[in-house]
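Chemist: here is my input, please return the structure:
(one chain, ligands or ions: 1)
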Amino acid sequence: MKKVAVIMGSDSDLPVVEKAINTLKEFGVPFEAHVYSAHRTPDEAAAFAAGAREAGFGAIIAAAGMAAHLAGAIAARTTLPVVGIPVKGGAVDGMDALLATVQMPSGMPVATVALNGAVNAALLCIQMLAIEDAELAAKLDAKRAKDTAAVLAKDAALQEKLRENA
Ligand code: RP5
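Modeler: Numbers count the residues shown, from 1 in each chain. The predicted structure is shown next:
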């Protein structure tokens, strides 16, 4: 199975990024996580991205806050799919990171998830790997079924409560 790379601009992003890591672990998807910054370590970030396909990665998650150029800078160096996580925080509470991550120029795609949307970033990468992996696709189906059952159980509990209070 291809690996997923999880790159964060700073170790201060880890509390958000951990949710992506935990999701990858839950699905048994191999991953590597690194701290590389588009601004503070541009050479290392670029070198990682340039070598990622050769190194056995199938997709890259890039999480950064503030002037969040990490996902775009990585996308500029690879044709692997890049999923960007804009991280909340700073003076404008993540609006800067959201726009910097999502507003990529034509020809250089970054699939941007919600602010702090780390679980969806991981799921999107898992879905990409599952295109060619029936076992992984079955795990995704099982998770959907479990999530559906959980919501329906909440609805049943709500109906019960409403009946009690009627
Ligand atoms: C970004 O600046 C990082 O991704 C992080 O979200 C933010 C703040 O970084 P630190 O100053 O906490 O290292 O580059």
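Chemist: quick one: contacts for the residue nearest the centre of the chain?
Modeler: Residue closest to the mean C-alpha point of the chain, counted by CA atoms, centre = their mean, is Ala121 at 2.2 Å. Residues near Ala121 by CB atoms under 8 Å, 6 or more residues apart in numbering: 20, 61, 63, 83-85, 113. (Each C-beta comes from the backbone N, C-alpha and C, glycine too.)
Chemist: is it within a helix or a strand, and which one?
Modeler: helix 118-130 (DSSP states H and E).
Chemist: that helix and the ligand, any residue contact?
Modeler: No. With CB under 6 Å from any ligand atom as the criterion, the ligand is not reached by helix 118-130; the gap is at least 12.7 Å.
Chemist: next helix or strand past that helix?
Modeler: Next along from helix 118-130, by DSSP H and E: helix 134-164.
Chemist: what average pLDDT does that next one get?
Modeler: The predicted model assigns helix 134-164 a mean pLDDT of 98.
Chemist: repeat for stretch 11-25
Modeler: Computed over stretch 11-25, the average pLDDT equals 98.
Chemist: then stretch 85-97?
Modeler: 98.
Chemist: check which residues of that stretch are buried.
Modeler: For stretch 85-97, the neighbour count (16 or more other CB atoms under 10 Å) marks 85-87, 89, 94, 96-97 as buried.
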